[in-house]
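1. sequence first, then the predicted structure:
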Amino acid sequence: MDSGVELAVQAWIKEEFIPSVMQDGKFHEFQLCKLKFIDQETPAYAIQFYCSTGQQQDLLLDPLDSKYLHWVTERWHLEVVAFASILDILEPAYLSFIHRN
């Protein structure tokens with residue numbers, strides 16, 4: 001991906017995608033992250049959306065129901081690969097720190 005496309009994707013994510021997802025009201029917080037790994041040839045980003053119920057999580061994983069993944073595919077076609085996964089927090093970091101000190 002050339003830098004012009006990467007900047008366009010970043011702008012779309014920040015100005016259109018994230019505001020649209022957050023406006024739906026299913027998520028209460030988000031983080032936009034850039035992934036870095038060994039032998040990285042193309043840029044990679046992750047958006048973490050935080051929700052309170054498992055039902056809201058299921059909206060992300062259902063390939064037929066997830067309009068969020070469809071938005072990315074409709075806009076960027078094969079230039080951007082979108083997928084959804086869920087991170088189950090087993091122990092929040094702030095609690096681990098409090099318990100050790």
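-> Happy to help now that I have it. Residues are numbered from 1 along each chain as shown.
2. what are the ranges of the strands in this structure?
-> Remark: strands assigned in the chain by DSSP state E are 29-35, 44-50.
3. ok, the residue most central in space within the chain - contacts?
-> Geometric centre of the chain, nearest residue: I47, 2.3 Å, by C-alpha atoms, centre = their mean. Contacts for I47 were tallied using C-beta atoms under 8 Å, 6 or more residues apart in numbering; they are I13, F17, I18, F30, Q31, L32, C33. In short, each C-beta sits where N, CA and C put it, glycine included.
4. which one of those residues has the most neighbours?
-> F17 (19 neighbours; other C-beta atoms under 10 Å).
5. so what's A82 closest to, chain neighbours aside?
-> Closest residue in space to A82, ignoring its immediate chain neighbours: V72 at 3.8 Å, by C-beta to C-beta, 6 or more residues apart in numbering.
6. the one you found: neighbour count?
-> V72: 20 neighbours (other C-beta under 10 Å).
7. you'd agree it is up against I18?
-> No. At 11.7 Å, V72 does not count as touching I18 under the criterion of C-beta atoms under 8 Å.
8. so where do the helices sit in the chain?
-> 3-12, 18-23, 54-61, 67-76, 93-100 (DSSP state H).
9. flag every buried residue along the shortest one.
-> Going back to what we said before, that points to helix 18-23. Neighbour-count burial for helix 18-23 flags I18, V21 (criterion: 16 or more other C-beta atoms under 10 Å).
10. which neighbouring elements make contact with that helix?
-> strand 29-35 (3 or more C-beta pairs under 8 Å, 6 or more residues apart in numbering; DSSP states H and E).
11. send the alpha carbons of the strand it packs on over as PDB?
-> The C-alpha trace of strand 29-35 is given here as PDB (Å, rounded to 0.1, in the frame of the first residue of the first chain):
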ATOM      1  CA  GLU A  29     -15.200   3.500  23.800                       C
ATOM      2  CA  PHE A  30     -12.600   2.800  21.200                       C
ATOM      3  CA  GLN A  31      -8.900   2.800  20.500                       C
ATOM      4  CA  LEU A  32      -7.100   3.100  17.100                       C
ATOM      5  CA  CYS A  33      -3.800   1.300  17.100                       C
ATOM      6  CA  LYS A  34      -1.100   0.800  14.500                       C
ATOM      7  CA  LEU A  35       0.400  -2.700  14.600                       C
END
